[in-house]
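Engineer: Got a predicted model here, sequence first, then my questions.
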Amino acid sequence: MPTQVLVTGAAGFIGSHLVEALAAAGCAVRSLVLPGSATANLQGANTEVVYGDIRDPSTLRPALAGVDTVYHLAALSRHDARVPDADYRDVNVLGTRNVLEAADAAGARRLLFTATIEAVGMSPDGRPLTEDTPQQPRNIYGRTKLEAENLVRTFAARRGLQTVVVRPPMTYGPRELLLCARMFKPIQFGLYPVVGDGLALMECCYVKNQVQGIRLAAERGPDRSVYFISDERSYTFREIVLAIARELGVRVRTPRLPVPLAYALGWTAELAGRVLPFHPFLIRQTGRPPFSRKTVAWTKESRLFVDIGKARRELGYQPAYTLQAGLRETIAWYRQHGHLRARRAVG
């Protein structure tokens, strides 16, 4: 009989890819979807869709009936300036507590929790982040995900439910539209300035690599373990820009912005976003400008990149997709769905 699993946040970007992978592996997949939310990402997926809200424990009991493993991805993700702090706490912290309690009560064996690189924050010394790096989140999203991560670990210590935590970095792929607006579209038009020399290291993980790591962590990770999951290596900011341009088939200019000038431009963009609160002065998905002083902070030097050595050693994790292969599939999906124009020859 196939293993019964539950995926919360199943209709989201990473969640929908995870549902597909689990179903393809022969699992009986139940997808928890917030009532009223779009389910287009699950179209054609071999899954049982159930509606519920992690803020309401009564809706979780039927979703968890007979479930062996819970993949808890539901969250208020990203830092959105328009979302009250209380909402982040209700969903990310209290919602996670509800899922833990309901999973334990239903007799589930394992729970995998997706935290985030933002629960750790930036490297204090320029070395890659590891699972042992002191956690200093930069915003309410990171702080509430850290609270939830701590809840998951302490809950496992007190109850019989086994738990594993993964911390995804910036993740891209089909169905993800924020990076399309912030990177792919500007690069397609041939101009993408970089801060400083553009050689700061950063993380950029293809969604199918992330799903591969999540599944391995759920299947093989020891109880109460934590893992960073990302691509085979970190990339420089300029390397990513040029790789996207190459797969788009365009030439892109990457003028260098001196750091003081970049901060001044970021401050100006923040002011413009307050006065003109619409695209292109504000990004719809975040309520923040596409370029800001925060952008400068994490692109001017190597501060937000990770070491996946622990996942390699303990889980046997070997990312299947290179940067080029991931970008190729992503761009093909963007074009197929009208988010990017068709390829043209480089002149």
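Structural biologist: Cool, the structure landed.

Engineer: quick one, domains of this protein?
Structural biologist: Split into domains by automatic domain parsing, the chain comes to 4-167, 178-198+236-304+326-336.

Engineer: Of all those domains, which one is nearest Arg313?
Structural biologist: Of all the domains of the chain, domain 4-167 sits nearest to Arg313, with 11.4 Å by Cβ to Cβ. Backbone N, C-alpha and C define where each C-beta goes, glycine included.

Engineer: Tyr71 should be in a helix, yeah?
Structural biologist: No. Tyr71 is assigned strand when assessed by DSSP: H, G, I helix; E, B strand; the rest coil, not a helix.

Engineer: ranges for the helices of the protein?
Structural biologist: Here the chain has its helices, by DSSP state H, at 13-24, 60-64, 85-88, 95-105, 140-158, 178-179, 185-188, 207-220, 237-248, 259-275, 293-299, 309-315, 323-336.

Engineer: Give me the residue ranges of the stretch 101-250 of the chain where confidence is low.
Structural biologist: Across the stretch 101-250 of the chain, nothing is flagged by pLDDT under 70.

Engineer: still on that earlier bit, which one, of the helices of the chain, ends up nearest to Phe228?
Structural biologist: Nearest of the helices of the chain to Phe228, taken as Cβ to Cβ: helix 309-315 at 6.5 Å.

Engineer: which residues does Thr254 contact?
Structural biologist: Each residue near Thr254 by Cβ atoms under 8 Å, 6 or more residues apart in numbering is listed here: Tyr192, Pro193, Val194, Gly198, Arg238, Val241, Leu242.

Engineer: Sorry, slip of the keys, the one I care about is Glu232.
Structural biologist: Glu232 touches Gln318, Pro319, Thr322, counting by Cβ under 8 Å, 6+ apart.

Engineer: and the residue nearest to Ile331 when sequence neighbours are not counted, how many neighbours does it have?
Structural biologist: Closest residue to Ile331 apart from its sequence neighbours, by Cβ to Cβ, 6 or more residues apart in numbering: Glu247 at 5.3 Å. Neighbours of Glu247 under the rule other Cβ atoms under 10 Å: 21.

Engineer: Quick check: Glu247 vs Val120, distance?
Structural biologist: 30 Å (Cβ to Cβ, to the nearest Å).

Engineer: Please apply the same query to Met183.
Structural biologist: Separation of Met183 from Val120 (Cβ to Cβ) stands at 23 Å.

Engineer: tell me the contacts of the spatially most central residue of the chain?
Structural biologist: Using Cα atoms, centre = their mean, the residue of the chain that lies closest to the mean C-alpha position is Thr171, 4.8 Å off. Residues in contact with Thr171 (Cβ under 8 Å, 6+ apart) are Phe13, Ile14, Cys205, Tyr206, Val207, Gln210.

Engineer: I figured the fifth one was touching Pro169, is that so?
Structural biologist: In this case it means Val207. No. Judged on Cβ atoms under 8 Å, Val207 makes no contact with Pro169 at a distance of 11.7 Å.

Engineer: coming back round to it: of the contacts of Thr254, closest to Val7?
Structural biologist: Closest approach between those and Val7, by Cβ to Cβ: Val241, at 33.0 Å.

Engineer: count of neighbours near the closest one?
Structural biologist: 20.

Engineer: Equivalent analysis for Asp132, please.
Structural biologist: There are 8 residues near Asp132, going by other Cβ under 10 Å.

Engineer: what's the answer for Asn209, then?
Structural biologist: Look at Asn209: counted by other Cβ under 10 Å, it has 25 neighbours.

Engineer: any idea how far the residue lying closest to it once chain neighbours are set aside is from Arg238?
Structural biologist: Closest residue in space to Asn209, ignoring its immediate chain neighbours: Pro319 at 4.2 Å, by Cβ to Cβ, 6+ apart. Going from Pro319 to Arg238 by Cβ to Cβ gives 21 Å.

Engineer: Compare those two (neighbour count), which wins?
Structural biologist: Using other Cβ under 10 Å, the more surrounded residue of Pro319 and Arg238 is Pro319, with 22 against 19.

Engineer: Do I have it right that the more buried one meets Gln212?
Structural biologist: Yes. In terms of Cβ under 8 Å, Pro319 counts as a neighbour of Gln212; the distance is 6.9 Å.

Engineer: what's Val166 in contact with, if anything?
Structural biologist: Contacts of Val166 by Cβ under 8 Å, 6+ apart are Leu112, Phe113, Thr114, Ala115, Gly213, Ile214, Ala217, Val226, Tyr227, Phe228, Ile229.

Engineer: likewise Pro169?
Structural biologist: Listed by Cβ under 8 Å, 6+ apart, the contact partners of Pro169 are Thr116, Ile117, Glu203, Cys204, Cys205, Phe228, Ser230, Leu304, Phe305, Val306.
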